[in-house]
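Engineer: The sequence and its predicted three-dimensional model are supplied below.
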Amino acid sequence: MPYDYDLFVIGGGSAGVRCARIAAGHGARVAVAEERFWGGTCVNVGCVPKKIMVNAAEYGAWIEDAAAFGWDVRKGPHHWEKLAAARDAEVQRLSALYRSLLENAGCTVFECRAAFLDPHTLQVGESRVTAERIVIATGGRPTRPDIPGAELGLISDDVFTMHARPRRIAIVGSGYIAVEFAGIYHGLGAEVDLVYRADLPLRGFDHDLRAALRDAYDAQGIRLHPGQQPAALERRGRALVLRTRRGDEIEADCVLFATGRAPNTRGLGLEAAGVACTEEGAVIVDEDHATTRPHIFAIGDVTDKLNLTPMATAAGHALADTLFGNAPRRVSYRNVPTAVFSAPPIATVGMTEADAAAQGPCDIYLTRFAPMRHTISRRPRRTLMKLVVCQRSRKVLGAHMLGEDAPEIMQGIGIAVGMGATKEDFDRTIGIHPTAAEEFVTLRTRVREAGLPEKARAAE
Ligand SMILES: Cc1cc2nc3c(=O)[nH]c(=O)nc-3n(C[C@H](O)[C@H](O)[C@H](O)COP(=O)(O)OP(=O)(O)OC[C@H]3O[C@@H](n4cnc5c(N)ncnc54)[C@H](O)[C@@H]3O)c2cc1C
Ligand SMILES: NC(=O)c1ccc[n+]([C@@H]2O[C@H](COP(=O)([O-])OP(=O)(O)OC[C@H]3O[C@@H](n4cnc5c(N)ncnc54)[C@H](O)[C@@H]3O)[C@@H](O)[C@H]2O)c1
């Protein structure tokens, strides 16, 4: 039976757009359906608008720093609506670009929802469409905790439609989104409460980074509430009150739930297609992104593996090359560099100290220092850099940094760690002076053998 398309992609986000346009470039007849916004989460309610807000928040402190360098500048008020307009214009430009990339590649675009009717047939808006192969790239959505009054709180999507900066905001969670928005709102002048379950923010990251971020946020005046779980949210007059299970009350103008995301598989007709999901709703895939139906594939956040834009695009590209480019390949999920755009930012690649120590003896090289800019500005900022080195092979198993430019620096370190560079390879590299980055190649003092103190291990 001839199909309408060789490939149908459900979802026009990072993963779907890359897969569709590369497949079309290989000569396949491709269609894509997007129900909400071209470019998906990253472009519209994720990385891009978030990073613009991170940049905006940084300027506030830079204006103050400038005075120490001789500039006669005065910090005036921040105009939220100006920032919002600039941010939204850039988002619209990029979203339109994503759509035109698809059209220029020869893809058919549908601006509506798609769902399976059977393994090869989709309901696409008002039409029925068939395809030989189908890719599920529907991403994820923010979740709220199951507590009374949860609907009074915001989710990350809502941040990008706020009309004004809140005076006080309480943020629940301490993952990527929570700590990034804590830094943004604080930088823009709001009072911030960060409410989280663990002892330290950013579960899963290296222990020293987590402790350094706690210290940095504490020093800046972000009010930290570790070991606290939300119990209820209620309106009291014009304020919201977040009650915790311990019985504490935190009052704010708005409450942001940054408590994780769930894969978008509800109502997709996956049962009709014979595609299996985990209990949490993530599509189950093998190393080639094939689902339990060999002609149906899933890529990006909907598989809930490593929910980062570059992973979504890499998976989409590899799948298109494999299916239509006569160039089968797999994407590695190991040694993926990642950054958290907190204030200061964090970046990391490879193993944490705890993970590495569990595999065998390792050495820790670590330095903390005041960045050169701040010896002049007197802003109390500290940088932390750390290498985890295998004692046997001398390979650098993990590199971790908290400090200005950490994400820019870690991209290059990621190449070295991915190639299996040893500590001696790092040491042989000549530094670029004067930079913070050069510390990664001049770390000479082994501070200890890897392994977390008992108390820290218990809290992991
Ligand atoms: C606030 C925030 C900040 C982030 N910051 C970063 C960052 O700095 N760096 C980074 O690497 N990652 C970041 N991420 C994660 C990153 O945005 C995601 O990993 C990435 O966007 C996933 O791409 P995707 O294509 O899998 O899904 P998405 O981009 O979510 O795309 C899925 C698309 O499918 C559409 N869709 C869903 N169901 C259907 C249907 N049935 N029919 C038609 N269309 C459908 C949706 O509307 C959506 O557009 C951030 C995420 C958030 C929320
Ligand atoms: N810079 C980046 O690359 C970047 C930025 C933002 C988001 N992302 C991606 O998006 C994903 C989602 O981000 P996120 O921050 O929402 O999720 P997350 O999984 O990183 O963090 C969720 C947080 O919510 C807490 N939590 C979960 N349920 C809770 C409950 N019922 N009560 C209280 N706390 C609860 C968790 O303990 C954790 O601190 C990230 O994991 C990441 O993959 C990446």
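Structural biologist: Sure, I can see it. Ligands and ions are numbered 1, 2, ... in the order given.
Engineer: Tell me where the protein is predicted with low confidence.
Structural biologist: Within the chain, the ranges that satisfy pLDDT under 70 run 1, 452-460.
Engineer: Please, where are all the helices along it?
Structural biologist: Here the chain has its helices, by DSSP state H, at 14-25, 40-45, 47-68, 80-104, 156-159, 176-187, 207-220, 270-273, 309-324, 353-359, 372-377, 406-418, 423-428, 454-459.
Engineer: What is the fifth one packed up against?
Structural biologist: Spelled out, that is helix 156-159. When contacts are defined as 3 or more Cβ pairs under 8 Å, 6 or more residues apart in numbering; DSSP states H and E, helix 156-159 packs onto strand 140-142, helix 176-187, strand 254-257. Every residue, glycine included, has its C-beta placed from N, CA and C.
Engineer: right, and these - which one's nearest residue 323?
Structural biologist: Proximity to residue 323 (Cβ to Cβ) singles out strand 140-142 among those, at 23.7 Å.
Engineer: residues making contact with that closest one?
Structural biologist: With contact meaning Cβ atoms under 8 Å, 6 or more residues apart in numbering, strand 140-142 is reached by 41, 155-157, 177, 257-258, 260-264, 301-302, 304, 307.
Engineer: now stretch 71-78
Structural biologist: 56, 60, 63, 64, 66, 67, 165, 188, 189.
Engineer: Of the residues you listed, just the buried ones, ChimeraX syntax please.
Structural biologist: This is the ChimeraX syntax for the buried subset of these, where burial follows 16 or more other Cβ atoms under 10 Å:
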select :56,165,188
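Engineer: mind putting the contacts of stretch 71-78 in a markdown table, distance to residue 368 included?
Structural biologist: Shown next, in a markdown table, are these (distance: Cβ to Cβ, whole Å):
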| residue | distance to residue 368 |
| --- | --- |
| 56 | 28 |
| 60 | 25 |
| 63 | 26 |
| 64 | 23 |
| 66 | 25 |
| 67 | 26 |
| 165 | 33 |
| 188 | 28 |
| 189 | 28 |
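Engineer: Tell me which two in the contacts of stretch 71-78 are the farthest apart.
Structural biologist: 67 and 165 (23.7 Å).
Engineer: mind checking how far the residue in the chain that ligand 2 sits nearest to is from residue 267?
Structural biologist: Ranked by Cβ to the nearest ligand atom, the top residue of the chain for proximity to ligand 2 is residue 175, at 2.0 Å. Look at residue 175 and residue 267: by Cβ to Cβ, to the nearest Å, they are 26 Å apart.
Engineer: what about these two, which has more around it?
Structural biologist: residue 175 (18 against 8; other Cβ atoms under 10 Å).
Engineer: In this structure that one contacts residue 258, no?
Structural biologist: Yes: Residue 175 is within contact range of residue 258, at 6.4 Å (criterion: Cβ atoms under 8 Å).
Engineer: okay, the helices of the chain, which one's buried deepest?
Structural biologist: Neighbour counts (mean count of other Cβ atoms under 10 Å) averaged over each of the helices of the chain peak at helix 14-25, with a mean of 27.
Engineer: ok, the residue of the stretch 201-350 of the chain found nearest ligand 1 - contacts?
Structural biologist: Nearest residue of the stretch 201-350 of the chain to ligand 1: residue 300, at 2.1 Å (Cβ to the nearest ligand atom). Residue 300 makes contact with 11, 13, 14, 15, 16, 137, 139, 307, 311, 312, 315, 316, according to Cβ under 8 Å, 6+ apart.
Engineer: of the residues you listed, list those near ligand 1.
Structural biologist: Filtering these for proximity to ligand 1 by Cβ under 6 Å from any ligand atom leaves 11, 13, 14, 15, 16, 137, 139, 307, 312.
Engineer: mind listing what residue 87 touches?
Structural biologist: By Cβ under 8 Å, 6+ apart, the neighbours of residue 87 are 49, 52, 53, 160.
Engineer: Isn't the third one up against residue 83?
Structural biologist: I take that to be residue 53. Yes: if you go by Cβ under 8 Å, residue 53 and residue 83 touch, sitting 7.1 Å apart.
Engineer: coming back round to it: now the residue of the stretch 201-350 of the chain closest to ligand 1: closest residue in space that isn't a chain neighbour?
Structural biologist: Among residues not flanking residue 300 along the chain, residue 15 sits closest, at 3.1 Å (Cβ to Cβ, 6 or more residues apart in numbering).
Engineer: Test my guess that that neighbour contacts residue 136.
Structural biologist: No: Residue 15 lies out of contact with residue 136 (Cβ under 8 Å); the separation is 9.4 Å.
Engineer: which parts of the stretch 51-200 of the chain sit against ligand 2?
Structural biologist: 145, 172, 173, 174, 175, 176, 177, 178, 180, 196, 197.
Engineer: now with 8 Å?
Structural biologist: 140, 142-143, 145-147, 156, 172-178, 180, 195-198 (Cβ under 8 Å from any ligand atom).
Engineer: Pick out whichever of the contacts of stretch 71-78 sits closest to ligand 1.
Structural biologist: residue 56 (15.0 Å).
Engineer: residue contacts, the closest one?
Structural biologist: With Cβ under 8 Å, 6+ apart, residue 56 has these contacts: 78, 83, 184, 187, 188.
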